[in-house]
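Student: Just to be clear, the model below is a prediction. Sequence and coordinates:
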Amino acid sequence: MPDDTTTMGDDPAKDGPTPVEIQIDGLCKAFGDHRVLSGIDVMVRRGEMLAIVGGSGCGKTVLLNHILGRLEPDQGRVRVADHDLEDAPLVDLADLDTVEGDRLHIHWGMVFQRNALFSGSVLDNLALWLVEVRGLGEAEVLTIAKRVLADVDLETTEAFMATDVNELSGGMAKRLALARALAMDPEVLFYDEPTTGLDPTTASNIHELIARMHVAPTRSGKARTTLIVTHDKDLLRRLQPRTVMLHEGQVFFDGPFADFEASDSPIIRPYFDLMPVLHGRSLDPRDLPPPGHEG
């Protein structure tokens with residue numbers, strides 16, 4: 001990065017209409033008597049970088065799982081752009097069967113908090129979806145593997161690609177998780193707490209990678225959209241995304257991070273002060289749906 005702050009959250013429609021990538025209307029979700037989401041309305045335009053923040057148990061992960069199609073709304077709907085169709089129109093996730101949902105996911109990349117790497121080697125992790133989903137051969141897989149490893153500043157040697165993932169450091173494992181997401185050339189990149197548990201230097205490097213991959217050209221030529229669930233105050237300050245704060249199951253704030261940081265709201269200020277504590281600990285179980293609802 002040329003400096004320590006990179007603005008990623010400006011309205012992409014400021015120079016003209018920009019297609020919508022994700023549209024959430026009136027989204028409600030409860031697990032038993034516990035109401036997690038109570039009428040969420042959020043629109044994400046193509047090319048935006050958006051961060052979802054909020055205290056433990058506010059529904060960030062539940063919202064993300066609805067966008068990913070892992071949960072079904074009690075009320076409301078989630079529509080996403082279908083990049084297999086001309087002009088990528090919005091489609092309602094509730095109208096799609098499993099095969100159609102899987103087809104949408106080909107255009108998405110997901111970087112999980114704990115990376116969710118498969119057993120085996122670095123190359124095994126990069127090759128699986130390229131072979132099973134895109135049907136690529138060994139030579140094409142190797143070409144893509146070297147490209148995405150270079151993109152995330154990892155070695156591209158045969159020796160490194162043969163390395164067992166259990167031998168990687170935390171920072172290297174996170175970079176590999178991002179490389180695996182990039183291998184499918186996604187139109188949308190999702191990150192769930194991408195820097196939790198990393199040391200400050202490694203986390204700073206991940207910030208830079210997120211920013212760089214957000215503006216990297218896609219095969220389709222469309223602008224990439226990035227959505228991040230995070231408690232990382234430094235990430236927010238560096239990348240300056242549009243920020244959506246959830247509170248008591250609703251959208252409490254939606255706007256530029258600079259406005260969020262400057263707010264004197266009695267809801268935002270205590271949370272803002274607590275962010276480093278939340279960022280430093282492992283995933284709170286209250287952010288997850290109950291067993292049997294993970295999707």
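Tutor: Structure received. Residues are numbered from 1 along each chain as shown.
Student: Show me the strands in the protein, by range?
Tutor: 20-31, 34-45, 49-53, 75-81, 90-92, 108-111, 188-192, 225-229, 242-247, 250-256 (DSSP state E).
Student: could the ones you listed go into CSV alongside mean pLDDT and distance to Asp151?
Tutor: Every C-beta, even on glycine, is put in place using the N, C-alpha and C of the backbone. Shown next, in CSV, are these (pLDDT from 0 to 100; distance: least, C-beta to C-beta, whole Å):
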stretch, mean pLDDT, distance to Asp151
strand 20-31, 97, 22
strand 34-45, 96, 23
strand 49-53, 97, 17
strand 75-81, 97, 23
strand 90-92, 96, 29
strand 108-111, 91, 12
strand 188-192, 95, 12
strand 225-229, 97, 15
strand 242-247, 97, 24
strand 250-256, 97, 28
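Student: Redo these as JSON lines? Include mean neighbour count.
Tutor: Below are the strands of the chain laid out as JSON lines (neighbours: other C-beta atoms under 10 Å):
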{"stretch": "strand 20-31", "mean neighbour count": "19"}
{"stretch": "strand 34-45", "mean neighbour count": "18"}
{"stretch": "strand 49-53", "mean neighbour count": "25"}
{"stretch": "strand 75-81", "mean neighbour count": "20"}
{"stretch": "strand 90-92", "mean neighbour count": "15"}
{"stretch": "strand 108-111", "mean neighbour count": "22"}
{"stretch": "strand 188-192", "mean neighbour count": "23"}
{"stretch": "strand 225-229", "mean neighbour count": "24"}
{"stretch": "strand 242-247", "mean neighbour count": "22"}
{"stretch": "strand 250-256", "mean neighbour count": "16"}
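Student: Which among those is found nearest to Thr157?
Tutor: strand 108-111 (23.4 Å; C-beta to C-beta).
Student: that older thread, Serialize the strands of the chain to JSON lines and add fields for distance to Leu128.
Tutor: Formatted as JSON lines, the strands of the chain follow (distance: least, C-beta to C-beta, whole Å):
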{"stretch": "strand 20-31", "distance to Leu128": "26"}
{"stretch": "strand 34-45", "distance to Leu128": "28"}
{"stretch": "strand 49-53", "distance to Leu128": "28"}
{"stretch": "strand 75-81", "distance to Leu128": "24"}
{"stretch": "strand 90-92", "distance to Leu128": "26"}
{"stretch": "strand 108-111", "distance to Leu128": "14"}
{"stretch": "strand 188-192", "distance to Leu128": "18"}
{"stretch": "strand 225-229", "distance to Leu128": "23"}
{"stretch": "strand 242-247", "distance to Leu128": "32"}
{"stretch": "strand 250-256", "distance to Leu128": "36"}
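Student: Minimum distance to Leu182: which of these has it?
Tutor: Ranking those by proximity to Leu182 (C-beta to C-beta) places strand 108-111 first, at 6.2 Å.
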